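Engineer: After the sequence you'll find the predicted model.
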Amino acid sequence: MGAGVTRDAAWLFAAFLALVLLAAAVLALRRYLLERGGGTVECGLRLPAGRGSWRLGVASYQQDDLYWYDALGVRLRPEEVFPRRSLKVVSRRVPGPGEEATLGPDRVVLEARTDDDVDVELALPSESLTGFLAWLEGFPPNY
């Protein structure tokens with residue numbers, strides 16, 4: 001009886017390990033698919049600004065929109081879309097001690113507002129800040 005229980009436990013553990021590896025492979029494939037077009041950056045999101053909890057994810061610069069994808073999501077569609085024309089940076093700051101533990105080191109928090117008066121906070125790596133601001137302000141002429 002003891003050998004049968006051990007064998008069953010080994011099979012259950014192997015099945016659990018296979019599921020974990022499959023989930024990791026799906027997340028890695030999704031991240032690869034999101035990043036292959038370029039213009040992506042790790043980005044924390046808090047919506048509404050100052051009151052919600054931070055969600056970690058990836059932001060993708062598109063021609064007219066900023067797409068935000070949840071880090072642990074499985075969908076290839078963005079969870080949030082911010083039109084580039086309506087997104088205005090109100091201020092920037094360093095994360096507080098509690099925020100830094102969630103967001104990671106060397107992040108800059110941008111407080112932004114949309115034309116619909118929705119306040120949002122984006123937490124970007126400091127080395128990505130210039131690229132984001134250039135994308136935000138870089139409309140083609142007569143666009």
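Structural biologist: Received the coordinates, thanks.
Engineer: Do you have the strands of the chain handy? List them.
Structural biologist: In the chain, the strands defined using DSSP state E lie at 40-46, 55-61, 65-70, 80-83, 88-93, 107-113, 119-125.
Engineer: export these to JSON lines and tack on mean neighbour count and mean pLDDT?
Structural biologist: (Glycine included, C-beta is placed from N, CA and C.) As requested, the strands of the chain are exported to JSON lines (neighbours: other Cβ atoms under 10 Å; pLDDT from 0 to 100):
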{"stretch": "strand 40-46", "mean neighbour count": "20", "mean pLDDT": "92"}
{"stretch": "strand 55-61", "mean neighbour count": "19", "mean pLDDT": "93"}
{"stretch": "strand 65-70", "mean neighbour count": "20", "mean pLDDT": "93"}
{"stretch": "strand 80-83", "mean neighbour count": "16", "mean pLDDT": "94"}
{"stretch": "strand 88-93", "mean neighbour count": "12", "mean pLDDT": "94"}
{"stretch": "strand 107-113", "mean neighbour count": "19", "mean pLDDT": "94"}
{"stretch": "strand 119-125", "mean neighbour count": "21", "mean pLDDT": "95"}
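Engineer: With distance to A23 as new columns, can those strands be given to me in a markdown table?
Structural biologist: What follows is these, written out as a markdown table (distance: least, Cβ to Cβ, whole Å):
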| stretch | distance to A23 |
| --- | --- |
| strand 40-46 | 20 |
| strand 55-61 | 17 |
| strand 65-70 | 14 |
| strand 80-83 | 23 |
| strand 88-93 | 35 |
| strand 107-113 | 27 |
| strand 119-125 | 25 |
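Engineer: Any idea which of these gets closest to R30?
Structural biologist: Closest to R30 of those is strand 65-70 (Cβ to Cβ; 8.2 Å).
Engineer: Show me what that closest one pairs with in its sheet, parallel or antiparallel.
Structural biologist: Next to strand 65-70 in the sheet, as set by DSSP bridges, lie strand 55-61 (antiparallel), strand 80-83 (antiparallel).
Engineer: Could you check how far the first one is from the centre of its chain?
Structural biologist: Taking the mean C-alpha point of strand 55-61 and that of its whole chain, the gap between them comes to 3 Å (Cα atoms, centre = their mean, to the nearest Å).
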